[in-house]
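In: Pasting the sequence and the predicted coordinates here, then a few questions.
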Amino acid sequence: MRDVAPDLTSPQGLVRSSCGSTALPEEDVGVTFPVDKITQPTTCKLYIHQKFFDMKVAVGQAWPIGEGVMLHNRPLPEGYAKVTVDSLVKRKYKNVELDIPGDDSRLLGDNIGGFVAWRKRYIIFESESESSDDDPRESPERDLPPSPKSNRESSPPSPQRELTPPSPPKKRRTSSRTQKISSQKQYSEPAEKPEGPCEGTGKKQVSGSITSLLKEKGKKVEEDFIVPKGAMDHFLNLMKMPQTGNNQPPLSDYERTMNIERWREGTRAAHKLNVAERAAFCEQNNMTELELLQIEYGEDWWKQPLPLPPIIWKFELGKDLVAPEQIPKLPTRMRQLHSWYKMQKSKLFGASYLDEDLHKGEGRVWVDFEHLYHFYQQGALDVSIMTLWTVMESHKCRRCGINNIGFLDPSTVHENTVNLPSTVDYLYKAFLSMQDKRSILLSYNCFYHHVLLDINLNNSRIEVYDSRKRPLSLIQPIIDVVNKAFAKYRKKSKIHRPFWGDFTVEEAKYILKQPPGNDHCGFYVMHYMHCYTGDCRSAEMNTELDSRELLMGELVALQEELAGWLVDYVVKPGSEYSII
């Protein structure tokens, strides 16, 4: 009776985890499980025990076990391992109750993306689930003694039974075909040991039962069957054929967030009220919007950072990036990135990049967590954040087959480095490696403001995307540097003619305009760059609201897009852009 599994069903209707609320069973004490042997985070399946069977509830990653491993500032109990919960098998399993609470919650659904303690016995890896011999979720009937029927089938047949025709069955009817096959087998020569894995063991011999013969025959066919090469080529060719059904790629984090209606509803009233108040004030005082800006912020308002509303939640290393009551309201990928940040002990994090991304060789970009805080607060974005966005867009172009767009490094070309000789050399080499591109995009920072430059080598034209519509004379230093690099490039290029002149600078038309009172210029550059890569749907939203500014819905969508890319390709150890 001691071996019977306890009933762990919650009386309140919640499904409890495999950990149980009781002490660790004796069968787990001193036992080594597969999770004890891993040396790096490994994908696994998470099970719970329910009365007489084990049930898979989630998929996650198991982390190595070692001395001094802590979970939520507490040591791991014996018999448990540290795992991250990536996704649930079914939505109903979100109410699975953990015995060791996660991040201030005992429910499994509230700990997705975070660390929890899980019973070692019920952490199953892919290699384990393929083997039924070592599977702890196997039915308990495996250990029961064999039935008398199985003993009779596996025992050696007597010669008298083999040579004597079987008597017709009394109750069970068989078809004529079955009787014919059975009679042929029964009157054949005495039984021999079957060929295959059982040969020489003496454990199994062919009996007079047709069931045993079919079972052995099916086993042999399963082991020796080889798929013909012609059949494999046929199905491989079918996979290459164009699909006629729903072959749309899955929605990106940007599109998924833009489809959420609550972001639209949350900004419609505030936007219309702000626009209506400023328009009514200008009409009453017979002035334009530009004159109102000059009265509010001075004649040279575009050269100074605009005064912003005070930030209520201030940054402190190791603390939350947003107010605690706002964390449950964050979108999925931003919440996952925030959970990862809370586990870090350093002041910054890094991401690697390839030569195809920024055309300056392989390297790393380092981002202070304070700059990540400003990104969460929708404030002024640092050049390092804009570099991450540029690398993300370059990576997306390579994955989607967009080959006519190139990108320059914002951390190499900005206001403080524009007069360095190394900047001219970098632009010259970048132009040579991207001379077949239709557009070369650069996020440029000057006078506390980000603008996007679209450099077209074919037409020797630069299009400027400035959300504040500032005078083009403010970016003249970068225009001069680009012209120097372009003159040096034309001497080596085999595509563009050496006698062409300097770039023609134009202001882009039909762009969103940044209103006063915020510092979202970095998000506007993200929006413009996202339009080039074909994944921007803000035009539909702005048409509904009759707006020319970047609304809250797309701000959150842009944040979610970058956060999702960081979670998938940067912070996960061993990923493409990770430095770990």
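Out: Here it is on my side, so go on.

In: CA atoms for contacts and neighbours, from now on please.
Out: Will do.

In: could you point out where the stretch 301-450 of the chain is predicted with low confidence?
Out: 301-311 (pLDDT under 70).

In: And the strands in it?
Out: Counting by DSSP state E, counting those that start in this stretch, the segments of the stretch 301-450 of the chain that form strands are 348-353, 363-368, 405-407, 439-445, 450-456.

In: how far off strand 450-456 does the fourth one point, in degrees?
Out: Same thing as strand 439-445. Angle of strand 439-445 versus strand 450-456, following axes from the mean of the first three to the mean of the last three CA atoms, to 10 degrees, is 160 degrees.

In: still on that earlier bit, next, format the strands of the stretch 301-450 of the chain as JSON lines and append mean neighbour count and distance to Val59.
Out: Listed next are these as JSON lines, based on neighbours: other CA atoms under 10 Å; distance: least, CA to CA, whole Å:
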{"stretch": "strand 348-353", "mean neighbour count": "18", "distance to Val59": "26"}
{"stretch": "strand 363-368", "mean neighbour count": "15", "distance to Val59": "30"}
{"stretch": "strand 405-407", "mean neighbour count": "24", "distance to Val59": "37"}
{"stretch": "strand 439-445", "mean neighbour count": "23", "distance to Val59": "39"}
{"stretch": "strand 450-456", "mean neighbour count": "24", "distance to Val59": "41"}
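
In: got these as CSV, with distance to Thr423 columns?
Out: What follows is these, written out as CSV (distance: least, CA to CA, whole Å):
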stretch, distance to Thr423
strand 348-353, 19
strand 363-368, 17
strand 405-407, 15
strand 439-445, 13
strand 450-456, 16
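
In: out of the ones you listed, which comes closest to Met392?
Out: Ranking those by proximity to Met392 (CA to CA) places strand 348-353 first, at 9.5 Å.

In: Give me the sheet partners of that closest one and which way each runs.
Out: When pairing is defined by DSSP bridges, strand 348-353 lines up against strand 363-368 (antiparallel).

In: Mind listing residues that contact the partner strand?
Out: With contact meaning CA atoms under 8 Å, 6 or more residues apart in numbering, strand 363-368 is reached by Lys347, Leu348, Phe349, Gly350, Ala351, Ser352, Tyr353, Leu354, Ser384, Ile385, Thr387, Leu388.

In: Stretch 492-508 too?
Out: So stretch 492-508 is contacted by 432, 435, 457-458, 460-466, 472, 479, 483, 486-487, 490-491 (CA under 8 Å, 6+ apart).

In: May I see the buried residues of stretch 567-580?
Out: Val567, Asp568, Tyr569, Val570, Val571, Lys572, Tyr577, Ser578, Ile579 (16 or more other CA atoms under 10 Å).

In: got the end-to-end distance for that stretch?
Out: 13 Å (CA to CA, to the nearest Å).

In: Over to stretch 409-418?
Out: Termini of stretch 409-418 sit 12 Å apart (CA to CA).

In: Mind listing what's buried along it?
Out: So for stretch 409-418, counting by 16+ other CA under 10 Å, buried means Asp409, Pro410, Ser411, Thr412, Val413, His414, Glu415, Val418.

In: Leaving out the residues flanking it, which one is nearest to the last one?
Out: Setting aside the residues directly before and after it, Val418 is nearest to Ile478 in space (CA to CA, 6 or more residues apart in numbering), at 6.1 Å.
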